[in-house]
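Asks: can't give you the sequence, but here's the structure:
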């Protein structure tokens with residue numbers, strides 16, 4: 001499964017000049033915990049509910065103090081994360097999930113050709129994994145890549161598209177020998193799937209197993 005299959009498309013975005021209090025209220029009314037910060041169509045930051053709460057007074061008495069009054073007017077740009085971690089809609093879900101786990105991220109922006117196209121949260125990933133486990137009537141295939149890193153491996157999704165196969169799940173994991181196991185679930189006619197397998201083998205992938213995934 002790829003990020004494009006589970007990400008939230010056309011995400012709710014906020015302006016860097018919006019007041020933290022107003023943005024917090026808006027995010028809560030829409031039930032969002034993270035929001036990309038966009039200026040002139042460009043992704044310049046990311047803000048979370050936790051970031052906004054840290055910017056606001058915590059005690060009622062603080063509201064009357066000068067500092068409290070200033071904090072109430074604080075803009076989003078003063079608390080947002082400037083170095084936004086992002087991924088591509090064509091990245092495998094498991095790879096992004098691992099990155100988010102290692103970096104303790106609640107979400108990642110999804111960028112294609114320099115433009116924000118979505119956002120993926122931990123809830124999105126859980127939904128994606130759940131959908132994967134419940135997907136039936138597909139062919140499950142495991143390929144092995146022994147010639148280096150994933151970046152040097154054939155583009156499985158492109159090979160699938162060329163064969164007319166729809167990839168519904170795509171996972172990559174490293175084996176004990178250091179090789180990469182590419183596990184693919186795909187929908188298509190018997191002829192289309194056979195063409196896909198032949199293309200993968202022709203591109204240098206080793207076919208380890210195939211089975212119907214009911």
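Replies: Received it, and whenever you're ready, just let me know what you need. Predicted, not measured: the structure shown is a model, and the values here were computed from it. Numbering: from 1, shown residues only.

Asks: List of residues touching the strand or helix carrying residue 95?
Replies: Here residue 95 sits within helix 93-103, counting by DSSP states H and E. For helix 93-103, the external contacting residues (C-beta atoms under 8 Å, 6 or more residues apart in numbering) are 1-3, 5-6, 85, 87, 105-108, 120, 122, 125, 128-129, 132, 150, 170-173. Heads up, the C-betas are built off the backbone N, CA and C, glycines and all.

Asks: Pull out the buried members of those.
Replies: 1-3, 5-6, 87, 105, 107-108, 120, 122, 125, 128-129, 132, 170-172 (16 or more other C-beta atoms under 10 Å).

Asks: List the ones among the residues you listed that fall in strands.
Replies: Counting by DSSP state E, those place 87, 107-108, 120, 170-172 in strands.

Asks: Nearest to residue 114, out of the residues you listed: which one, please.
Replies: Taking C-beta to C-beta as the measure, residue 114 lies nearest residue 87 of these, at 13.7 Å.

Asks: Might one say that that closest one is in contact with residue 112?
Replies: No. With contact defined as C-beta atoms under 8 Å, residue 87 does not count as touching residue 112 (10.0 Å).

Asks: quick revisit: identify each buried residue in the helix holding residue 95, please.
Replies: Applying 16+ other C-beta under 10 Å to helix 93-103 flags 93-97, 100 as buried.

Asks: the domain parsing of this protein - what is it?
Replies: Following automatic domain parsing, the chain resolves into domains at 3-128, 135-213.

Asks: Redo those as CSV? Include mean pLDDT.
Replies: Shown next, in CSV, are the domains of the chain (pLDDT from 0 to 100):
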stretch, mean pLDDT
domain 3-128, 84
domain 135-213, 87
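
Asks: residues touching the spatially most central residue of the chain, list them.
Replies: For the chain, residue 120 is the residue whose C-alpha lies nearest the centre (C-alpha atoms, centre = their mean; 3.9 Å). Contact partners of residue 120, counting by C-beta under 8 Å, 6+ apart, are 3, 6-8, 87, 96, 107-108, 110.

Asks: Ok, residue 9 next?
Replies: 117-118.

Asks: beta partners for it?
Replies: Beta-bridge partners for residue 9, by DSSP bridges, are residue 118.

Asks: ok, it to residue 26 distance?
Replies: 19 Å (C-beta to C-beta, to the nearest Å).

Asks: Shouldn't residue 209 be within a strand?
Replies: Yes. Judged by DSSP: H, G, I helix; E, B strand; the rest coil, residue 209 forms part of a strand.

Asks: so residue 197 touches residue 208, yeah?
Replies: No. Taking contacts as C-beta under 8 Å, residue 197 lies outside contact range of residue 208: 11.5 Å.

Asks: wait, what's in contact with residue 200?
Replies: 141, 143, 154, 156, 159, 207.

Asks: how about the nearest residue to residue 49, chain neighbours excluded?
Replies: Spatially, and ignoring its direct neighbours in sequence, residue 49 is nearest to residue 33 (4.8 Å; C-beta to C-beta, 6 or more residues apart in numbering).

Asks: contacting residues for the one you found?
Replies: By C-beta under 8 Å, 6+ apart, the contact set of residue 33 is 27, 48-49, 106-107, 121.
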